[in-house]
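Asker: sequence and predicted model, in that order:
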Amino acid sequence: MIPAAFDYTVADDAEHAIQLLGEYGDEAKLLAGGHSLIPMMKFRLATPTQLIDVGRIDDLSYIRRENGHVAIGAMTKHVQLETSDVLAVACPMLSHVASLVGDPSVRHRGTLGGTLAHSDPASDLPAAVLALGGTIVAQGPNGRREIAATDFFTGYFESVLAPDEMIVEIKVPADTGGWNYQKFNRRAQDWAIVGVAVADGGKGIALVNMGSTPLRASAAEAALAGGASVADAAALAADGATPPEDNNADGVYRTHLAQVLTRRALEASQ
Amino acid sequence: MTATVQSTPGGFGTRMLRKEDPQLLTGENKFIDDIKAPGQLWMGMIRSPYAHAMIDAIDATGAESMPGVHSVLTGAQLADMGLWLAPMPCAWPVTDDMVNPPHFPVAVSEAKHVGDIVAVVLCNDRYAMADAVEQVIVDYTPLPAVATLQAAVDGTAMAHSDLDTNRAYHWPLDPNPEGTAAAFANAAHTVKARFIQQRLIPMPMEPRGCLAIPSPAGGEIVLYSASQIPHILKVMIAATTGIPENKIRVIAPSVGGGFGGKLNVDADAVLAVTLANKLGLPVRWTEERSECAGASHQGRGQIQHVEAAADADGKITAIRVHLDADMGAYMMLITPGIPLLGSFLYTGVYDVANFSFSCDGYFTNMTPTDAYRGAGRPEASYAIERIMDIMAREIGMAPEELRARNYINGGEKFENFDAASTLVFDSGHYKPAHDRALEMADVAGLRAEQARRRDTGEAKQLGIGMCTYVEICGLAPSRALGGLNYGAGGWEHATVRLLPTGKVEVVSGSTPHGQGHETSWSQIIAEKMGIDPNDVEVLHSDTALSPLGLDTYGSRSLSVGGVAIALAADKVIDKAKLIAAHQFEASPEDIEFAGGSFSVAGTPSKSVHIQELGFAAFTAHDLPDGMEPNLQEQVSFDPPNFAFPFGTHVAVVEIDTETGGIELIDYVGVDDCGVQVNPLIVEGQLHGGIAQGAAQALFEEAVYDEDGNITNPSLMDYLVPSAMELPLIKLDSTVTPSTSNPLGVKGVGEAGTIGSAAAVINAVCDALSPYGVIDMEMPATPQRIWKAINGGAA
């Protein structure tokens, strides 16, 4: 429960954080809400020697409506998503999903940028952003670039972010169609055993904890777009997925859950 | 039987808020990790990553050269230092031929479970300690590991490489084998089942820890320990290390829960004491959560083979049980006896003429097992209450009807019942709790709703389960423990002291770690002596303040320790009465005592409150001739019999048949713990106990992989349920006074746990009965439920 020794620097703004990332290279990790990173450090599964605290960059905490989408600062906390008046109108799905993350103390520390950068396939919000067809804005030494959520995640806890980049903003489309989020777990505070996010009336379907990254259920989306029934489309939900196996669920059971939850989410979103 | 409910303020039956809570809620209490000693060394454990391995070599040179590292000591080095006289203690050799290989605090040549200690580091601070632990390099040669209880039974590998068997003992309880055989031969119905009691982690909110402070010149040593058993620990440390018992003082500071997990003599305490003594420096250890979950002792771990026979009317004629019990790698303090604590309860609340029981204890290469809330009795209650449901289904009878037909004395009140298991049940009255629980849960209405959902084929199906349990608490009559080869008695000691200013000090040998003793013991004084409970201070958990005691486990504190306090209070009252009579110049026979005041019969104007007599006893200026000064009396109470609380619980579950998802949607408990001192504390104990039993049924299991690694030693993966997973528990009670003690009290610390696991699994199996499901392994996870619904094949 005691992490390896590390140094700690507070970043004043994104530019400062990126400069520090450049200085420390592989030794550094960005600290946002810390609810994933700190436990990993305490288990000594992560041993960064330099923590760069970006959680105090107030300029990166905002939720605002812009030209057809909602722009969310990377350091916006889950509780702010949960209670946002802007999201309540423009993208209530994101508020709802945020309300199901962990427990209140997690939601008061965790940030949207942090959970996306952490790229845990079992987390709720990355799949929600993926289903919504969101965009991740990353900033590096050469400025900003926009990455489609569908291109962002590359593996367990891995993304296309370069070592000297940080997420500064997330954009999700505003005023899209029907949505639903099904989260299946044994305790309210836990990660989903399987989760299914349906956005825009079924145009976007994303799966939680069904592979090494959050996944789009492409076969189900395509079937639905081609006129298949909800039941028939849902039966394809896990096509191409390689679900993990753990004490809660084997692959067969996860596949079944993905199908049932996709059907329920689609039915509820119609 | 003198149990009466008086109107004394704060006396029995008062729902008084706990006196302990303001200090706990404000953080004023000191727990083990809050206590520091100048110059203390932090001890860290190097633990085996293998379930079974030879220790080939340990290279500590890297760690020894790190800053802040005092020393690194391997098992071999520690053995050479001559720090202990004897192996780690097992106080309960259940048979004369029990196999118990010597077990030392640190393994010397062979590691026998993941988490077994192979070396220790001593460091100047905890950060250096955490770093140094990682730098001790150990070479192992892995050996075949016994990673399941069934593998131990099958004997495919040996948990201890120098033994040719994994079986540690065979313990029979078979008073009438011919009768049992005949009952099965003549039965109209027989059923049998194999139940698995999975391993559970006690998981107290505060992990364990200790701090040993030596006095190099004087030879005394003070051991602070997050322990349920400071008194037993003191004796055992003396016996194990050879340090004179009179030089050892053990203090349990505020202790954040135990559930049996702090009822042991662990390597850390022996190491801290002996190393502190050797080095002349304080040595401390604070357990990490993963150590608490993976290396400190676990509970349960049994395979239960259970058979029942019934006649054509549903009268149970015989119960036959064989247990295989998982000892883990070593015998800890009372490891071998835990399954046997339940042996007498496998006939439950039923009048069963024939009973045969046996238990085989097996070594495995997993963490040792020992006491966990209920300790043997939840397992027994589960087995009998599950087999009753299976029998009910076999016969085609409602489970409540089968139970009602078999209750001792037809469910009517009884005292001193001779059970086939050879024990005498003190008192019981099972039908009222049964009726009330079914009524509160509205079982009739639930069955109608269940039928409706089955007819309409809704995805969410209902299950209703009941359990009428009985438990043995008030451990224990010393002679009974002696008969079981237990290494100590079961008495408890108390002193009651009326101070000069009229306040009261109670010295208790019971050792609270969350039970609310300070409140309950104050209420005993209020009840007996008519003194405001806030005028009472309770001294405990320090062998210097409270030299005699046998501590807290087995729901014994009230029915043994509390009774000792009441009897000591009686003695104080008796002596004070003589002083009052002397002051009134009256005969003691004419003095009456009520509401805390002595008065002369027929002359109510002559009255003195007992608290006013403290000063007279203290000054001793004018006491009756020959009377010793002071008002202080002590009692060691050894109960003549155990106490047998009981109750009926009803659980209601809703199962999502598409996903296997399960929710415990309602829970009713009607419990009878005899006379209640503080109903608020009774309810709190039941809430927690029911949650822990439901946790076994639905959530918790220490899961080991095929190599003997525990896969979930953290609160992230070991699913302790929260309030979000539990319904609002509805409680009521009946009161059937115990005949085992003069207060008529029984005990309630473990009752909830003993009643709830069977009730919940009975509900699960009830919900799934249309799918042909007869049994469900615990925990009933969504995956297990879904596979059961789908024929287990999916």
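Answerer: Great, that's in hand.
Asker: so which residue is smack in the middle of chain B?
Answerer: Within chain B, the residue whose C-alpha comes closest to the C-alpha centroid is B:R373; the distance, by Cα atoms, centre = their mean, is 3.7 Å.
Asker: OK, contacts around that residue?
Answerer: With contact taken as Cβ atoms under 8 Å, 6 or more residues apart in numbering or on different chains, B:R373 is in contact with B:202, B:259-260, B:299, B:689, B:692, B:749-750, B:753. Glycine gets a C-beta too; all of them are placed from N, C-alpha and C.
Asker: is it in a helix, a strand, or coil?
Answerer: coil (DSSP: H, G, I helix; E, B strand; the rest coil).
Asker: look up the closest residue to the closest residue to chain B within the stretch 51-200 of chain A, ignoring the ones flanking it.
Answerer: Minimum separation of the stretch 51-200 of chain A from chain B (Cβ to the nearest Cβ) falls at A:A188, amounting to 3.8 Å. What sits nearest to A:A188 in space, not counting adjacent residues and going by Cβ to Cβ, 6 or more residues apart in numbering or on different chains, is B:M724, at 3.8 Å.
Asker: for the stretch 51-200 of chain B, which segments count as helices?
Answerer: When secondary structure is read from DSSP state H, counting those that start in this stretch, the stretch 51-200 of chain B shows helices at B:61-64, B:75-80, B:126-135, B:149-154, B:177-185.
Asker: so which of those helices is nearest chain A?
Answerer: Checking these against chain A by Cβ to the nearest Cβ gives helix B:126-135 as the closest, at 3.7 Å.
Asker: looks like B:R556 contacts B:E492 (just checking).
Answerer: Yes. In terms of Cβ atoms under 8 Å, B:R556 counts as a neighbour of B:E492; the distance is 7.1 Å.
Asker: joint contacts of the two?
Answerer: For the pair B:R556 and B:E492, residues contacting each of them under the criterion Cβ under 8 Å, 6+ apart are B:510, B:550.
Asker: regarding the residue lying closest to B:N354 once chain neighbours are set aside, what is its secondary structure?
Answerer: Once its chain neighbours are removed from consideration, B:N354 has its nearest residue in B:A318; the separation is 3.8 Å (Cβ to Cβ, 6+ apart). Classification of B:A318 using three-state DSSP returns strand.
Asker: who does B:A318 form a beta bridge with?
Answerer: B:A309, B:N354 (DSSP bridges).
Asker: and the gap between it and B:A309?
Answerer: Plainly put, B:A318 is 4 Å away from B:A309 if you go by Cβ to Cβ, to the nearest Å.
Asker: any shared contact partners between those two?
Answerer: B:183-184, B:187, B:354.
Asker: re the thing from before, quick one: the residue of the stretch 51-200 of chain A closest to chain B and B:P721 touch, right?
Answerer: No. Between A:A188 and B:P721 there is no contact, the gap being 9.6 Å when judged by Cβ under 8 Å.
Asker: pick out whichever of those two has more residues nearby.
Answerer: Under the neighbour definition other Cβ atoms under 10 Å in any protein chain shown, A:A188 and B:P721 were set side by side, and B:P721 has more, 18 against 14.
Asker: regarding that one, what is its secondary structure?
Answerer: coil.
Asker: my read: it touches A:Q189, true?
Answerer: No. Taking contacts as Cβ under 8 Å, B:P721 lies outside contact range of A:Q189: 10.1 Å.
Asker: what's in contact with the helix or strand where A:K183 lies?
Answerer: Take DSSP states H and E as the rule and A:K183 turns out to sit in strand A:180-184. Here strand A:180-184 makes contact (Cβ under 8 Å, 6+ apart) with A:93, A:96-97, A:100, A:124, A:128, A:192-198, A:208, A:257, A:261-262, A:264-266, A:268-269, B:659, B:661, B:782.
Asker: of those residues, which belong to strands?
Answerer: Judged by DSSP state E, strands contain the following of the contacts of strand A:180-184: A:194-198, A:208.
Asker: chain B contacts on the stretch 101-250 of chain A?
Answerer: For the stretch 101-250 of chain A, the residues in contact with chain B under the definition Cβ under 8 Å from any Cβ of the partner chain are A:184, A:186-190, A:193, A:247-250.
Asker: could you rerun that using 6 Å?
Answerer: Within the stretch 101-250 of chain A, the positions near chain B by Cβ under 6 Å from any Cβ of the partner chain are A:186-188, A:247, A:249.
Asker: filter those down to the buried ones and hand me the ChimeraX line.
Answerer: Those of those that count as buried under 16 or more other Cβ atoms under 10 Å in any protein chain shown are selected in ChimeraX with:
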select /A:186,249
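Asker: output the residues of the stretch 101-250 of chain A next to chain B as TSV; include the columns secondary structure and pLDDT.
Answerer: Shown next, in TSV, are these (DSSP: H, G, I helix; E, B strand; the rest coil; pLDDT from 0 to 100):
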residue	secondary structure	pLDDT
A:R186	coil	97
A:R187	coil	97
A:A188	coil	95
A:N247	coil	96
A:A249	coil	98
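Asker: got CSV for the residues of the stretch 101-250 of chain A next to chain B, with distance to B:T95 too?
Answerer: Converted to CSV, these look like this (distance: Cβ to Cβ, whole Å):
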residue, distance to B:T95
A:R186, 41
A:R187, 42
A:A188, 47
A:N247, 36
A:A249, 43
